[in-house]
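Colleague: model the structure of this input:
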Amino acid sequence: MRPIKLTQWVISGGVLFAGLVRAITGQGLRFCVVCQHHVPAFLPWRGGWAAAPPLMAALHVIGSDLDHFACPRCGATDRDRHLHWYLDRSGIAKSLHGKRVLHFAPEKGLVSWVASFEPAEHVLADLYPQCDDIRRIDLESIPFADGYFDCVIANHVLEHVGSLERATREIGRVLSSSGIALLQTPWCKGLARTIEDPAVVSPEARLQLYGQDDHVRLFGSDVYERISGDALRAEPVTHASLLADVDPDRYGVNPDEDLMLFRR
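Modeller: Numbers count the residues shown, from 1 in each chain. Got it, this is the predicted structure:
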């Protein structure tokens, strides 16, 4: 078991204390768009940024907000909340009515919300499914015909796949001619190029180099180029352009994270 540092207790305790004050006074409450409830605070992930590998903060990794991560009521993460906002405001969510959706690593709160728009088919997929309604599907070998899906959702998945090239080719292959792919992933402004080395296999080395022990790469500023490859075209949407009125602190989202939208 990894020892818990004093800073982790300080950060967690500070968040909980601040949340208690908000709950008592009713001032400064946070709002989770996934479960539609006010909460006193969003909970940190593994001690927050103070406990994260120093390289991640130094290189300005854009991904989850480790200090304001999980909703204490429904468990939705900041990236779930942000994707919910993006899909709602862009009109993408409503456009899924009657469409075919392939949803990798499906988030509980987003699954029910997407289903409410009545897609014609909503395939839930994971390489290691934990529920009976999730199909075992490898993103690098998707068992569907060319052009079958109108939308592919893979929220923080591409940093885990063995072959990024095979995965993105498969996503492009199964998308319809007007289809879209929503491919959120952590990336780093402080790197010109993506880091990945197949020799880095130990969990501790991956934690220090990539930011999480089950990641196999850390995307750099070439993230859109790397994901696009020969199969996809990037059309990113910024928080400022679509969600300028969505206060990051109140709603628990990272304003530096784009909607990472791709088309065939």
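
Colleague: and the helices in the stretch 101-250 of the chain?
Modeller: 108-115, 164-174, 203-210, 223-228, 239-242, 248-251 (DSSP state H, counting those that start in this stretch).

Colleague: make JSON lines from the ones you listed and add mean neighbour count to it.
Modeller: Bear in mind the C-beta positions are built from the backbone N, C-alpha and C, glycine included. Output for those, formatted as JSON lines (neighbours: other C-beta atoms under 10 Å):
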{"stretch": "helix 108-115", "mean neighbour count": "17"}
{"stretch": "helix 164-174", "mean neighbour count": "20"}
{"stretch": "helix 203-210", "mean neighbour count": "16"}
{"stretch": "helix 223-228", "mean neighbour count": "20"}
{"stretch": "helix 239-242", "mean neighbour count": "14"}
{"stretch": "helix 248-251", "mean neighbour count": "15"}
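
Colleague: let me have the ones you listed in a markdown table, adding distance to residue 125 as columns.
Modeller: A markdown table is the format used below for those (distance: least, C-beta to C-beta, whole Å):
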| stretch | distance to residue 125 |
| --- | --- |
| helix 108-115 | 11 |
| helix 164-174 | 11 |
| helix 203-210 | 23 |
| helix 223-228 | 18 |
| helix 239-242 | 27 |
| helix 248-251 | 28 |
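
Colleague: out of the ones you listed, nearest to residue 45?
Modeller: Across the helices of the stretch 101-250 of the chain, the minimum distance to residue 45, taken as C-beta to C-beta, is reached by helix 203-210, at 13.2 Å.

Colleague: and this protein, what are its domain boundaries?
Modeller: When the chain is parsed with automatic domain parsing, its domains come out as 6-62, 78-263.

Colleague: tell me the most buried of the ones you listed?
Modeller: domain 78-263 (a mean of 18; mean count of other C-beta atoms under 10 Å).

Colleague: for that one, measure first residue to last.
Modeller: 24 Å (C-alpha to C-alpha, to the nearest Å).

Colleague: between the helices of the stretch 101-250 of the chain, which one is closest to residue 146.
Modeller: Nearest to residue 146 among those is helix 164-174; the distance by C-beta to C-beta comes to 5.5 Å.

Colleague: circling back to that earlier point, and the domains of the chain as CSV, adding mean pLDDT and distance to residue 70?
Modeller: Converted to CSV, those look like this (pLDDT from 0 to 100; distance: least, C-beta to C-beta, whole Å):
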stretch, mean pLDDT, distance to residue 70
domain 6-62, 74, 5
domain 78-263, 97, 8
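
Colleague: distance to residue 69 for those - can I get that in a markdown table?
Modeller: Formatted as a markdown table, those follow (distance: least, C-beta to C-beta, whole Å):
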| stretch | distance to residue 69 |
| --- | --- |
| domain 6-62 | 4 |
| domain 78-263 | 6 |
